[in-house]
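Chemist: requesting a structural model of the entry that follows:
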Amino acid sequence: MSYHYDMNFRVEELLLEDGTSPYADWFATLGAVEAAKVTVAKLRMEQGNLSSVKWFSGIGEYKVDYGPGYRIYLAKDGKTLIVLLGGGTKKRQRKDIEEAIELWKRYKQRKDG
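Modeler: This next block holds a predicted model:
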């Protein structure tokens, strides 16, 4: 079965005030296979495929079905921009979610600022 996605998204990493990216910091810790799986997930998001995303508290959690249960934390800013907030594994899920929610709040405050 093939799916057609009408919406393409621009996917960008959240940059903190100091220019660092929590997503890039997490991504840099991944091995080659894990990085490839996460890159495929990012490409799927760009193509509008958000079927693996669970939305709650203003953010999304993209589940990568591999290894220890990788997660990518993201939020939508407007209709076409996805902001990557960070990543993690199922083991750290609660802490990662709390951090992503806080990052998203800070992003919105800075933007509205």
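Chemist: now Tyr73. Nearest residue, chain neighbours left out?
Modeler: Of all residues not flanking Tyr73 in the chain, Ala100 sits nearest, at 3.6 Å (C-beta to C-beta, 6 or more residues apart in numbering). Where C-beta positions appear, they are placed from N, C-alpha and C, glycine not excepted.
Chemist: tell me which stretches of this structure form strands.
Modeler: 10-13, 53-56, 59-64, 70-77, 81-89 (DSSP state E).
Chemist: quick one, the longest one and strand 59-64 angle?
Modeler: Taking axes from the mean of the first three to the mean of the last three C-alpha atoms, to 10 degrees, one finds that strand 81-89 is oriented at 60 degrees with respect to strand 59-64.
Chemist: what comes into contact with the longest helix along the chain?
Modeler: Ordering each helix of the chain by length in residues (DSSP state H) puts helix 93-112 first. Helix 93-112 is touched from outside by 14, 17, 22, 57-59, 61, 69, 71, 73, 75, 77, 83, 85-88, with contacts defined as C-beta atoms under 8 Å, 6 or more residues apart in numbering.
Chemist: redo that, cut-off 6 Å
Modeler: 14, 57-59, 73, 75, 85-86, 88 (C-beta atoms under 6 Å, 6 or more residues apart in numbering).
Chemist: ok, and for it, which residues are buried?
Modeler: 96-97, 99-101, 103-104, 107 (16 or more other C-beta atoms under 10 Å).
Chemist: on that earlier part again, for the contacts of helix 93-112, which one is nearest Met7?
Modeler: Distance ranking of these against Met7, using C-beta to C-beta, places Ala75 first at 15.8 Å.
Chemist: what pLDDT does that closest one get?
Modeler: Listed pLDDT for Ala75 reads 98.
Chemist: just checking, it touches Val83?
Modeler: Yes. With contact defined as C-beta atoms under 6 Å, Ala75 reaches Val83; the gap is 5.1 Å.
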